[in-house]
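S.K.: Provided below are the primary sequence and the corresponding predicted coordinates.
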Protein chains: 4
Amino acid sequence: MSAVKAHPDLELQLIVSASALLYRFGKVVDLIEQDGFEVSSRIYSIVEGENLTTMAKSVGLGVLELSTQFENLRPDIVLTVADRFETMATAIAASYMNIRVAHTQGGELTGSIDESVRHAITKLSHLHFVSTELSRERVVKMGENPTYVFNTGCPAIDAIADIDLTLMPGFFDQYGGVGHGIDPDKPYLVVLQHPVTTEFGAGFQQINETLQAVRETGMQTVWLWPNVDAGSDDVSKGLRMFRERNRDVPIRFFRNFSVEDYARLINGAACLVGNSSSGIRESAFLGVPSVNIGTRQHARERAANVMDVGHVSADILAAIRHQIEHGKYPSDHLYGDGCSGPRIAQLMAETAVSIQKTMAY
Amino acid sequence: MSAVKAHPDLELQLIVSASALLYRFGKVVDLIEQDGFEVSSRIYSIVEGENLTTMAKSVGLGVLELSTQFENLRPDIVLTVADRFETMATAIAASYMNIRVAHTQGGELTGSIDESVRHAITKLSHLHFVSTELSRERVVKMGENPTYVFNTGCPAIDAIADIDLTLMPGFFDQYGGVGHGIDPDKPYLVVLQHPVTTEFGAGFQQINETLQAVRETGMQTVWLWPNVDAGSDDVSKGLRMFRERNRDVPIRFFRNFSVEDYARLINGAACLVGNSSSGIRESAFLGVPSVNIGTRQHARERAANVMDVGHVSADILAAIRHQIEHGKYPSDHLYGDGCSGPRIAQLMAETAVSIQKTMAY
Amino acid sequence: MSAVKAHPDLELQLIVSASALLYRFGKVVDLIEQDGFEVSSRIYSIVEGENLTTMAKSVGLGVLELSTQFENLRPDIVLTVADRFETMATAIAASYMNIRVAHTQGGELTGSIDESVRHAITKLSHLHFVSTELSRERVVKMGENPTYVFNTGCPAIDAIADIDLTLMPGFFDQYGGVGHGIDPDKPYLVVLQHPVTTEFGAGFQQINETLQAVRETGMQTVWLWPNVDAGSDDVSKGLRMFRERNRDVPIRFFRNFSVEDYARLINGAACLVGNSSSGIRESAFLGVPSVNIGTRQHARERAANVMDVGHVSADILAAIRHQIEHGKYPSDHLYGDGCSGPRIAQLMAETAVSIQKTMAY
Amino acid sequence: MSAVKAHPDLELQLIVSASALLYRFGKVVDLIEQDGFEVSSRIYSIVEGENLTTMAKSVGLGVLELSTQFENLRPDIVLTVADRFETMATAIAASYMNIRVAHTQGGELTGSIDESVRHAITKLSHLHFVSTELSRERVVKMGENPTYVFNTGCPAIDAIADIDLTLMPGFFDQYGGVGHGIDPDKPYLVVLQHPVTTEFGAGFQQINETLQAVRETGMQTVWLWPNVDAGSDDVSKGLRMFRERNRDVPIRFFRNFSVEDYARLINGAACLVGNSSSGIRESAFLGVPSVNIGTRQHARERAANVMDVGHVSADILAAIRHQIEHGKYPSDHLYGDGCSGPRIAQLMAETAVSIQKTMAY
C-alpha cells in the first residue's frame, strides 16, 4: 500500500472488509488508519458460525457488496492477496466487471481450501506477482501468459525487512491479552494454529495435541487466537477449555499484532509453533526456528528453519525442543528480499494487459 | 439427470436457479418438470441490470443461497456444468463446504468471461468430465490429478443423439414467439448471438452487423433472444429496434426451445448463425453448416462444419451463403458419442477422491 | 432534492437504487443527473422474476447494501418516499443504524402491499411529512408523537406546480417508444396500470379488460409499461400479446417520462386511465379527468376528478366516455400547494428528535 | 410449537435461523431437536460485528433467504414472535409473498429498536396474538381490525406454567459455563443485561455499573452472556475484563438455558437483575423479585415484583437488597395463564382473513 501510495501514476483506494473489521480479530482496520491510510469503504461480510456453510456465505456476501463498491469506485486494477477464502470474492467481482485483477502469492502449494482458492484466483487474474521462482514456473505451467507472471518476491517481507526488530519494554502491554504475564527477556514460544477447513471437525483434537506439547515445555508462551476459517470455533473452544483448567500454565492469549510487531515477536521467539504461513514465509527471512504442524502448509516451499510434524503431542514436543536447541537460522530470501512493493507498484503502473484472458496452450 | 436418476447407487437432487426460472428466458424449469424431474429447490438469483456489475452480484447471491441449500440438502457430490458465469457460485459453495465438485466441459477454450470461469472452476473441482481428448490433456496440464480427469464426452450430445429429428407439423406453434410465421418446409436460418462480456458495450453494433447480413439473405429466420450475460440488454435493444423498423423482414423471435426441439430446429436449418456454443458443439454432431461470429468461441475445438467470421456484415453474409451452398456436413463425434451420461453417473458412483486437492506439480 | 440542496444547513447525499437504475423502467438515474444532481452511490437491488418472492428478495438485497452505504456515507437523516416495496429497505437500514428516518406520504390509504409497507415505515420513522390533513390525523392516531407529524403537502406537487405545461412539438420523439405515432394536437388517452401484489395472478385478466375498453374508444393512446411490482410480467405479457394481435389499434408504448414531462402529458390528456397514484394525486392538482380501476388506490382521498370502476371492460369504457365528455376539472390542492419541498428541508434542518421512538399511548 | 404440532388441522414447519444456530448463544437449535421437533431448514443469517450496521445487514440476509425458504416450503401462515430485530425479516418476507403473518406480543411498549420493530411488524401482520388487554387496545388503536386482534396471553408462559420448578442436583453441570461453582442450595442472583441499541456506545459503562453492584452484594451469581443486539461486544468486553480482574468474585457465566431450566433458575433466584423482558414477563408469573435497569423495558406493563432503577451502581445495589429482603411475590397472570398455545393454534386453524390489509380508520 505504501508503494502504491508513493507511485506518481497510481492512486490508492482501500476497501477493508471481512475479519479486518472485527474486534475479535484485532480490528486491523484501526492499525491501517494509524499508519495513515485512508479507508475508501468498509464492508462487514463475515456471516457468523465459523463453519463451512458460513465460510461460503461470507464469500457470497463479499461478492455482492464488492461489486457495488467497484461500481462506485471504478478502479482500474484490483489487487488481491494470497489465498484466504474471502479473497475469492474480490477476484470474482473484479474479473466479472472487466477490471484487471492483480494477485500476489500465486503458484504456491498448501493444504486446506486455500490450495483451491489460490489456483482458482490465478485463473481469474491478469497480473501475477509471485514470490518464488518455482511459483512462477507453476503459474506458467497452469497456462498463464508468461509475459504477465512476475517473480517480484512477497511484499509481506518488505514490511519486516527494514525495521528495528528489538522488543521494546512494554511491548505486550499495548496489546492487552489475557492470561499470564510474558517477560520478554526470558525465552518464549509463539503459537499460532488455525483450523484446516478440509479437515473440518478435527480442530479440537488437533489443538489439544499442541496444547499438551506446549504445556510440557514449561515455557512461557504467546498464543494467538485462530483466524476466521471454518472450524475456528473448535480451536477456540479447545483453547478456552484448556485455559479454564490450566490457570497455572504460563500462556498469554492475544488477538492480533501489527505486522511489524508480529515480526518483532516471532524474531525474538525461541521457536514458532503451529501451522500459520508465517511459520514458513516470514520465519524464513527472519531465521526463526519453526515447527510446522499438520497439512495446512503441505508442499509449500520452505527454508532450512522449518521442521514438519503431525498432530502428535510427543512429536510436536520433540520438534520444539530440537528447534530451541538449534537456535536461530541464517536469513533466507526464499520469499523475497524486502523490495517487492515498489516492483509491484511499478508493474501495475506500466503493464498493459488485455481484459480477455487466453490460455497459453 | 436421467442417468443419475437411473443409477441404483445415486439419488438425484435438483436445484434450479438463475435464468432457468425466468419467463424471459423460457422458464426452463417448466420443461424440466414436464420431463418428470422433481425440483428440490428454486433459487431466484439474477440481479436485474444485465451489466457487468449485476453479473457479479448474481454470483454473490447464488453463493449465499446455494450454501443454505447445500446445508439443508447435504449432497455428496455437486455437479456443475460448463462455464456460464453463475456456475462459479455452485463450485464455490460446494468446494468450500467440503462437498466434492464434479465439472463437465472443463479444459475447453473460448473468449468472454466464460474462459476464466471455466478454468477457475476446474481448479475448484474434484472430478473432471471433459468432452474431448485435447480438453483432457489441458486439464491435466493445469495440474489436476490425471486419475480424476475423464474424457466422457459431453452429455449435451446424449440428449440429441437418439431422437427422431423430424420437425413435426405445428412445431413452432407450441413455442409462440413474435414476428413472421415460419414455414418449416422451406429453407430457414437459425440465429443465436449472445453478448461478449469482455467486449461489454459493443453488443449493439455487433448485433446490427448480423441483422443486416441476415436481412440481405432474404431467408426466413428463427431468431433466439440472447442469454442473461452482461450486455444482453444491448443485444435485445438492437433486435427490438430492428424489428420495429423492419416489419417485413421474415424473422420470428423465440425465447427458448426444449433441448430436443432445439436439436430438431438446428438440424433442419440451412445454416446456424451467431456465437452460441451450439454452433460448435451440437452442430458438429448434427453436421449443421455453422457460421461462427466474433471472439466468443475463440479457440474452441471445431469440426469441419464451422466457418469463422468477424463482426462484419458482408463477411457474415458471404459465409452464410457459402454454408448454405455447401449443405449438411458429415456427423463428427468430436464432443461425444451420445453415451456420456451413464459414464458420468457410473464414475460419480464409484470414484473415491480426497476432499483435499493437491497440485500435480 | 432541490430544496435540500438549496438549504444552507443541509448537504444532499443521493443513493439511487432499484428500478431507478434500470433501462426497462426508463433509467431515472439519467434524468436525475441531467437535472444536475450528483449521485453518491448506485445500488442494483432488483432480483429478477417480478413475482412475490423476488419482490421480497429485492428488499433483502436493498437492506444489505444500503447498510454498507450508510456506514460509509454517515448521513444524519435519511428521507424515504411513500410506500413502494423497496422503500422498506431504506427505513429498516436507517432506523436500525440509529439514523433518523424522515418519511413522506405517510397516513394515506390504498390497496396492494403498499398499504402495509406505508404504515410499517411510519412506525420506523422519526419525522413524518404527510400530504393531507386526514393523513396527519391518521399518523397521530397510530401512536406517533404529534410534535413530529407535519402536514407539509407532497413535494411531488412542487415539481409540477410552476412549470409551463405546454406539450412542445417533438415532445414524444425524445422518448422513443414503440407503436403508433401520437399526434399531440388531437385528443389522446394516457393509461398506466400496475399489478396489484395482493391480487397476484390476476394481472393478465385485469389488463385485458382495460385494453378492450381502450380499443373500443378508438382514441390514440399513450400507454406506459407497468412498474416492477410482483405481477408486472403478467401485465406486460398482456400488453405484448395485445400489441402483436392489434397492430392497427393506435397505441404507443413508453417506458418512462421525466416528472415534468409526465405532468405535461397527463395535463394534456382527454382522460387518465389505470391505477397509478398519479391518477389520484397529481391529477387532482392538474384537474385531469381520471378513471381509477380496481383496488390499488382503495380508500385514498380523492378530489372530484376521479371516477372509480372495477375490472370490467364495459364499465371502464363508460367511465372514460363520461370523463372525456366532462373535460377538465378545477385544480384541487388536496395533496399540496407546490411549496412542500422547502418546508420539508427547513423542518429537517431545525427539528431535533430523539432516536428512541416512544408510542404516544 | 407443541400446540401447532398437536392440532389436527395444522402442520408444523420450523425454520431455525439467526442466533438460535450459534454456539456463542447456546445453540438453541440443539435444544429444539432434543425436544423432538424436526427442523425444516437452517439459515445462518447473522453478519458478524455486533454493531448497528451488522444488525441491519442481518435483517437483509434474513429476508433474502427466508423468501427462498417460503418459496420452497409454501406455508399458509407464518408465525413470528415479539420484537427482536431479526423478526422483521420474517414479517417482510411473508407479508410480501402474500402469506398471512401471525404475530405474538404485539402492542407492548419498550425501549431500544425493539419498540419500532414490534409496531412495524404489527402493521405487516394479519393475526395478532397479544398478551395483555392493554396491548389489545393499543393494537386496535393503531388501526388494526379488532376482529383479528386476540388477547390469547403469551405462550412463553405456557412453557413454564405446568412444570416442576425444582432445581435438581447437578442442574448447573449440564450447562458448563465458566467461573465459580454455584451452590443451588444457597441464595443466588441471576443477571441478564443486554445492550440497548438506541444507546449504542454506552453498553460498556452500563454493564460496569451492574457489575459493581453485584460484586458488592457478595452473593453467588449466575450471569448470562448478552444477546446478539448491536452493542453486545461492549457488554461482553465489560464482562470479560471484569472476570480477568476479579477472579475471586463468585460469578459463573453461562451461554443459555432451555426455556424450562431458565424458569427453574430464576424461580429459585433471590433476585433477577438486568434488563431482559423475562425480568418483567416470566418473573411476573413466577413472582420472582426483579430489578429492572435502564430504558430497555421502558413503559412495558409490569406486576408488583419489579423495581426500576437507572444505570447507577448504588441504586442497583439498593434495589437488589430491597428485593432480596422482600422475597417472593404472588404469581401474577398479567402476561398469560399458561394456556395460550392451544388458543393460538386453534385461532390459526379457524380464522379466515384477507391477505389485503385495510386500516380501520
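M.R.: All right, it came through fine.
S.K.: now the strands for the stretch 201-350 of chain A?
M.R.: A:220-224, A:251-254, A:271-274, A:290-293, A:306-309 (DSSP state E, counting those that start in this stretch).
S.K.: Chain A - how does it break down into domains?
M.R.: Split into domains by automatic domain parsing, chain A comes to A:2-154+A:336-350, A:173-326.
S.K.: follow-up on the earlier one: any chance of the strands of the stretch 201-350 of chain A in CSV, plus mean pLDDT?
M.R.: Listed next are the strands of the stretch 201-350 of chain A as CSV, based on pLDDT from 0 to 100:
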stretch, mean pLDDT
strand A:220-224, 98
strand A:251-254, 97
strand A:271-274, 98
strand A:290-293, 98
strand A:306-309, 98
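S.K.: that older thread, any chance of TSV for the domains of chain A, columns mean neighbour count?
M.R.: Every C-beta, even on glycine, is put in place using the N, C-alpha and C of the backbone. Shown next, in TSV, are the domains of chain A (neighbours: other Cβ atoms under 10 Å in any protein chain shown):
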stretch	mean neighbour count
domain A:2-154+A:336-350	22
domain A:173-326	20
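S.K.: can I get those in JSON lines with distance to B:Asn292?
M.R.: Listed next are the domains of chain A as JSON lines, based on distance: least, Cβ to Cβ, whole Å:
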{"stretch": "domain A:2-154+A:336-350", "distance to B:Asn292": "23"}
{"stretch": "domain A:173-326", "distance to B:Asn292": "41"}
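S.K.: tell me the pLDDT at A:Gly176?
M.R.: Note on A:Gly176: pLDDT of 88.
S.K.: my bad, A:Pro169
M.R.: pLDDT recorded at A:Pro169 is 88.
S.K.: Can you name the residues that contact it?
M.R.: Contact analysis of A:Pro169 by Cβ atoms under 8 Å, 6 or more residues apart in numbering or on different chains lists A:Pro184.
S.K.: would you list every one of the helices in chain A?
M.R.: Assigned by DSSP state H, chain A shows helices spanning A:2-6, A:28-34, A:52-73, A:87-96, A:114-124, A:133-141, A:155-161, A:203-217, A:232-245, A:259-267, A:282-286, A:313-326, A:340-350.
S.K.: Can you redo those helices as TSV, where the extra columns are distance to D:Asp162 and mean pLDDT?
M.R.: What follows is these, written out as TSV (distance: least, Cβ to Cβ, whole Å; pLDDT from 0 to 100):
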stretch	distance to D:Asp162	mean pLDDT
helix A:2-6	67	97
helix A:28-34	51	96
helix A:52-73	37	98
helix A:87-96	50	98
helix A:114-124	53	98
helix A:133-141	67	98
helix A:155-161	62	95
helix A:203-217	39	98
helix A:232-245	36	94
helix A:259-267	57	97
helix A:282-286	62	98
helix A:313-326	51	98
helix A:340-350	69	98
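S.K.: And these: which comes nearest D:Trp223?
M.R.: Proximity to D:Trp223, assessed across the helices of chain A by Cβ to Cβ, is greatest for helix A:232-245 (15.5 Å).
S.K.: so how far is that closest one from its chain's centroid?
M.R.: Its chain's C-alpha centre and that of helix A:232-245 lie 22 Å apart, by Cα atoms, centre = their mean, to the nearest Å.
S.K.: Measure how it sits relative to helix A:203-217, angle-wise.
M.R.: Following axes from the mean of the first three to the mean of the last three Cα atoms, to 10 degrees, one obtains 40 degrees for the angle between helix A:232-245 and helix A:203-217.
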